[in-house]
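Visitor: requesting a structural model of the entry that follows:
(one chain, ligands or ions: 1)
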Amino acid sequence: LERYTAPIDDARGTRIGRLVVLRDVTREREVDQLKSTLMQTVSHELRTPLASVVGYTELLRTRRLDADSRAEILGTVHREAKRLSSLIDDFLDLQTIEEQRLELSLAPFDVGALLAESVAVFGGQSEAHTLVLLPCEQPVVAVGDRARVAQVIANLLSNAIKYSPDGGTVRVSAQCGEGVVRISVADEGLGIPLAAQPRVFEKFFRVAREETVRVAGSGLGLALAHDIVVAHGGEMGFESVEGDGSTFWFTLPTA
Ligand code: ADP
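Guide: Numbering: from 1, shown residues only. Predicted coordinates for the structure are as follows:
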């Protein structure tokens, strides 16, 4: 509470009381806190890759380099630029969702095919991890915005890989229920400490641990994934044991 006080005097200047105003500033403080987290994230997450893009392009411009070095540098520049671009996309997507302007183009799609595609994309990106797909016994058709659902699955797969530094197996599965399908991504990675678990879907939240901080991330991915699932009328949750791994899941309505 913010406290404001002022003396109250009568016409002759005699003190007759005191005015006290108490104002609840919880919401303002929360907004301030969010703004300062945003500033820190923006300055760190945007400046680090930008600095490397600037540095490396300067090198390309001014030095005579052999073909291999040029290719390596260009690879780094490309990766950093992509990281920037996906951070900005996530941020704008979240903004759109929060202003309730997200437009979903709902249509039936085959869940097994989408999972197979996602696993193929991520399987090719990491040699240290084994990705296993365990689809439903029978074909499942969900109703949703296929591109947005793909974004959710990509986020869960990318986290499962990022936060399993020693490799390990990532299992993707789909369980069919009455009118819903539940898609799960299970890893054998770091897991999430119990105290941090209630905050995992918050914007900008990242587990404050060295292993996490070392990995690039903005803390926006799960907030966005969660909002996309909820916009579909689904639910999202997870089970996690620190040191043992995590299983993130979400549901979608089926046709
Ligand atoms: P980011 O990965 O960009 O930090 P996310 O919103 O995707 O942001 O995740 C928020 C935080 O939750 C991560 O920083 C990490 O600490 C934790 N987390 C998410 N997924 C996993 C996972 N599969 N295993 C362990 N920790 C995870």
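Visitor: what's next to the least confident helix or strand in the chain by mean pLDDT, contact-wise?
Guide: Of all the helices and strands that make up the chain, helix 26-41 has the lowest average by mean pLDDT, DSSP states H and E, namely a mean of 78. Applying CB atoms under 8 Å, 6 or more residues apart in numbering, the external contacts of helix 26-41 come out as 203, 204, 218, 219. Quick note: C-beta positions are derived from backbone N, CA and C, even for glycine.
Visitor: and it with the ligand, contact?
Guide: No. Judged by CB under 6 Å from any ligand atom, helix 26-41 stays clear of the ligand, getting no closer than 9.6 Å.
Visitor: which one of the contacts of helix 26-41 has the most neighbours?
Guide: Using other CB atoms under 10 Å as the neighbour criterion, residue 218 leads the contacts of helix 26-41 with 21 neighbours.
Visitor: hmm, that one is touching residue 90, no?
Guide: Yes. The criterion here is CB atoms under 8 Å, and residue 218 meets it with residue 90 at 6.6 Å.
Visitor: show me where the protein has helices.
Guide: With helices called from DSSP state H, the chain shows them at 26-41, 47-62, 67-98, 111-123, 146-162, 210-213, 221-231.
Visitor: report the distance from the second one to the chain centre.
Guide: Counting by CA atoms, centre = their mean, to the nearest Å, helix 47-62 is centred 26 Å from the centre of its parent chain.
Visitor: same question for the fourth one.
Guide: Using CA atoms, centre = their mean, we find the averaged C-alpha position of helix 111-123 to lie 19 Å away from the chain's own average C-alpha position.
Visitor: which positions in the stretch 51-200 of the chain make contact with the ligand?
Guide: Within the stretch 51-200 of the chain, the positions lying close to the ligand (CB under 6 Å from any ligand atom) are 155, 159, 160, 163, 187, 189, 190, 191, 192, 200.
Visitor: what do you get if the cut-off is 8 Å, keeping everything else the same?
Guide: For the stretch 51-200 of the chain, the contact set with the ligand under CB under 8 Å from any ligand atom comprises 155-156, 158-160, 162-164, 185, 187, 189-192, 196, 200.
Visitor: which of the residues you listed sits closest to residue 44?
Guide: Comparing those against residue 44 with CB to CB places residue 162 closest, at 16.8 Å.
Visitor: now the closest one. Nearest residue, chain neighbours left out?
Guide: In space, not counting the residues next to it along the chain, residue 162 is nearest to residue 215; the distance is 4.9 Å by CB to CB, 6 or more residues apart in numbering.
Visitor: quickly note the distance from the one you found to the ligand.
Guide: From residue 215 across to the ligand, the span is 7 Å (CB to the nearest ligand atom, to the nearest Å).
Visitor: which residues touch that residue?
Guide: Each residue near residue 215 by CB under 8 Å, 6+ apart is listed here: 162, 163, 165.
Visitor: count of neighbours near the second one?
Guide: The burial metric for residue 163, expressed as a neighbour count using other CB under 10 Å, is 20.
Visitor: for the one 4 residues further on, same thing?
Guide: A total of 14 residues lie near residue 167 under the criterion other CB under 10 Å.
Visitor: what of residue 254?
Guide: Residues lying near residue 254 (other CB under 10 Å) number 17.
Visitor: show me what residue 168 is bridged to.
Guide: residue 129 (DSSP bridges).
Visitor: quick check: it touching residue 188?
Guide: Yes. Using CB under 8 Å, residue 168 is in contact with residue 188, at 3.8 Å.
Visitor: give me the common contacts of the two.
Guide: Contact criterion CB under 8 Å, 6+ apart; residues shared by residue 168 and residue 188: residue 245.
Visitor: give me the more crowded residue out of these two.
Guide: The neighbour comparison of residue 168 against residue 188 (other CB under 10 Å) goes to residue 188, with 19 against 15.
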